[in-house]
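What follows is a predicted protein model with its sequence.
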Amino acid sequence: MAHRPAFYEKGKYRIFYGMNNEFTICYNDTKPVANNYWQSVNPLMKRMPIFMLQLSVLIAITRLLMLILRPLRQPRFLSELLAGVLLGPGALGITAWVSTAINPFEGGLFLETMANLGVTFYMFLVGLEMDLTPIRKIGKTALSIAIAGIIWPIIAGAGLHYLTLMVQERRQKGSAPQLGAFFWAIALSVTSFPDLARTLSDLKLMYSELGKMALTAAVVSDLTCWFLLVGTISLVNGSQHLYLAVLIMVGMTIFWLMMRPFISWIVRQISAASRESSTSDKHVYFILSLVLLCGYITEICGAHSIFGAFMLGLMIPGGELGTTIMEKVEEYVVGILLPPTFLITGMRTNIQFMFADFPVVIVVLVVLLACSAKIVSTLFVCLYLNCPKRDSVALGVLMNTKGVLALIILNEGRNMKGFDQQTFTWIIAALILMTMIIGPVVGFTHKSARHLKQSYHRNLERSKPDAPLRVLACIYSTRNLPGLINLLHISNATRKSPISVFAVHLVELAGRASAMIIFHDKSKTTDSGKHASREKAEAEQIISAFEAFENDNHAATVQPLTAVSPYASMHEDVSNFALDKLTNIILIPFHKQPNAVGGWTDQENLQHKQVNLNLLASAPCSIGLLVDRGLTSTISQESQIGRRECRIAMLFVGGPDDREALAYAWRMAGTPRLILTVVRFVPGKDVSELTEEIEGDDNDSGIFTAMFEREKQKQLDDDYLNEFRFRTMHDQSIAYIEKQVNSGDQIVSTITSVYNDFDLYVVGRGHGRACPLTSALSNWSDFPELGPLGETLVSTDFESPPSVLVVQQSAPLSSGSKFKSTSNKGILETFVNHRRSDDDY
């Protein structure tokens, strides 16, 4: 156990430790003297280069740590905090060059000024990102978690601080001030909403039931903790007189009531001006100036400037103005203005004397108890409310997300001498530990293959033909709309068998730190004028088209949304959303566009093709890929003339994908004026003999397994087809035909000569299955996502090119455990500002 000396020297500094949480720094400084009234050295010229060097070194170390920690599922916040600690006195700061050149004591005041400016603008962005309207719909579970996550950590924080005081008094050492108990309590009870939202987005859980519950509880926790922090700061600034604290709180309330109508009027004026042109930079600069003004007003009231900035952000309603501000200043604030806060935190953290004058057991105990307080309280509440254990553990860890808000609270406590350096170091160590465990724990509980296995078997084959259908329809652009909507039209939505459609507009992520999903409110109208962006105009067209579909089909419900994500990980967002919504099938459009003569246009988006391939490889449910080459005109003629029949052919070769395709076609058969023809291609004698010869020549030990699997699939095919034929024997709109063929060429010739007059072909992809009938067709392939039969249909010259729907059953995984989805009816939206829901695109 190390003991702290009376003083020590660090470069040109001699540091003396004193009482009452204070120390004295002595150093020699040379100042030139001139015979005039002005200093010959500009203070800014001395402080500014130091600040620029500090910022450059901090950002460089942060980026290096991000590269190292990103594979370990660690957030950016941890890299920034560790970079600050590494530059502190307990790590690199022990060297003379770092302590004198990068972190000189005389540069501390300027660094703190910049840090305060950074957190002021950061809190404005936090308020801008929040939307408090869904708090009225909060459910019992989320509210209980929020309350328990506030009360127990407050008790634990205060108790740990007084435990520290007791140990210090027994050892007759100078004790930390009792004021620290307030800041310990608030820091342990807060849940950093922006950091939690970013973590959930990185883990693809932001719009899951777990993510919505965590965000709902977090916003309640944050607001409560900010109210407590305002009261604590007011009490301290009021010399611990209660009446002064009450006056400060009254002043803050008056500020809110007076500023809110004024801000609403300003936003209306800016919105009116933006109708003729997009939001200009002068509007953004004006709002940013108001941030400084509001911060100044709250400082006059006796509180911190961060509260005024935060309240201003909350006052600005959702709209194009908020989106423009976020896009223009978010990266600058987070990347440039905020890092000084991490450096200040690191300079106040001294790992070297973390165990000085204290038993190691006490220090470790305090750190572990501080880490587990909120986890334990959340876990007990979740188990009491009968939540799944897996969700309870993940939710407890997520609610322990601290982030930048916790640092703001701790540094404010340090400014008010609520911590000494040693106790400050303890709680920073606890915060680092809290952050480190979030990604791995939640990733293990909610991203493992074991968790997903059972849901990977959601398909139509095991569902009843008249069961409700949940569809996730993906749209890259408005060109994909007609085919997908008309496919939904013939999917037979009835009151007994309704259809729930989640219409997802897939947009490439550009200029944002994390992916997001935007829920659109169909009841709100949006501006679709000439100045609307292309993405926004497309989103409005997609919403309007699906609204029309919903109006035409009273048994169908539609939820339009937009998924903004990089193409490389877009399939993960779609798969996780499909998993959370328990969809039966995902519908995606083909990446190429047909032309008027039955061929293809030159427009080919290879990124869309890769997304489709990724979805086919990882989708948690069945997936259908639509090649639309005439289905649009067919359905429109049917609606206009009233006598046009829609002719569909389901080509069955065998295997799980073909059974899934038959299940979807079976559902379509209930649509009025729709004719379904099921053609089963049965292997002929030549194919059977060839298969036996191959098996006889194959000495591989796995041949018996392959034979067993083939016979099993054949039995499943026969059973499913027999059930289909039995249930539809009296349906005049359904025909079943068996054709014996000996090769893929015979399949093609049969289709082109006999079955060439259909509007839509439904086929299975046949992925992962070796079929003697189609093996020759798969020797060459330009579009592997279509499968051998689907690609053959697309490439064959028909007199009238038909549309093709290629169906694949859910992709299997090797291991898994049961998945349980917890639903909270009181949580309908997450607390992300509605500007991203309605006006972002």
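That came through fine. Residues are numbered from 1 along each chain as shown.

hmm, who's touching stretch 244-261?
Contacting residues not belonging to stretch 244-261 are listed as 230-231, 234-235, 237-238, 294, 297-298, 301-303, 307-308, 311-312, 315 [Cβ atoms under 8 Å, 6 or more residues apart in numbering]. Heads up, the C-betas are built off the backbone N, CA and C, glycines and all.

I'd like the distance from that stretch to the chain centre, please.
Averaging C-alpha positions (Cα atoms, centre = their mean, to the nearest Å) puts stretch 244-261 35 Å from its chain's average.

same deal with stretch 250-264?
On Cα atoms, centre = their mean, the centre of stretch 250-264 falls 33 Å from that of its chain.

could you give the mean pLDDT of it?
The pLDDT scores in stretch 250-264 average 83.

Could you pull out the buried residues of that stretch?
Gly251, Met252, Phe255, Met259, Ile263 (16 or more other Cβ atoms under 10 Å).

for stretch 329-336, same thing?
Val329, Glu330, Val333, Val334.

As PDB, could you dump the C-alpha coordinates of stretch 67-87?
Provided in PDB are the C-alpha atoms of stretch 67-87 (Å, rounded to 0.1, in the frame of the first residue of the first chain):
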ATOM      1  CA  LEU A  67      -9.000   0.800 -33.700                       C
ATOM      2  CA  ILE A  68      -7.900  -1.500 -30.800                       C
ATOM      3  CA  LEU A  69     -11.100  -1.600 -28.900                       C
ATOM      4  CA  ARG A  70     -13.600  -1.700 -31.700                       C
ATOM      5  CA  PRO A  71     -13.300  -5.500 -32.300                       C
ATOM      6  CA  LEU A  72     -14.000  -5.900 -28.600                       C
ATOM      7  CA  ARG A  73     -17.400  -4.100 -29.000                       C
ATOM      8  CA  GLN A  74     -16.300  -1.100 -27.000                       C
ATOM      9  CA  PRO A  75     -17.900   2.300 -27.700                       C
ATOM     10  CA  ARG A  76     -16.100   5.400 -28.700                       C
ATOM     11  CA  PHE A  77     -16.700   6.900 -25.200                       C
ATOM     12  CA  LEU A  78     -14.400   4.400 -23.600                       C
ATOM     13  CA  SER A  79     -11.600   5.200 -26.000                       C
ATOM     14  CA  GLU A  80     -12.000   8.900 -25.300                       C
ATOM     15  CA  LEU A  81     -12.000   8.400 -21.600                       C
ATOM     16  CA  LEU A  82      -9.000   6.100 -21.600                       C
ATOM     17  CA  ALA A  83      -7.100   8.500 -23.800                       C
ATOM     18  CA  GLY A  84      -7.700  11.200 -21.200                       C
ATOM     19  CA  VAL A  85      -6.700   9.000 -18.300                       C
ATOM     20  CA  LEU A  86      -3.500   7.900 -20.200                       C
ATOM     21  CA  LEU A  87      -2.500  11.600 -20.500                       C
END
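
Any chance of TSV for the buried residues of stretch 250-264, columns secondary structure and distance to Ile186?
Shown next, in TSV, are the buried residues of stretch 250-264 (DSSP: H, G, I helix; E, B strand; the rest coil; distance: Cβ to Cβ, whole Å):
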residue	secondary structure	distance to Ile186
Gly251	helix	21
Met252	helix	17
Phe255	helix	22
Met259	helix	25
Ile263	helix	27
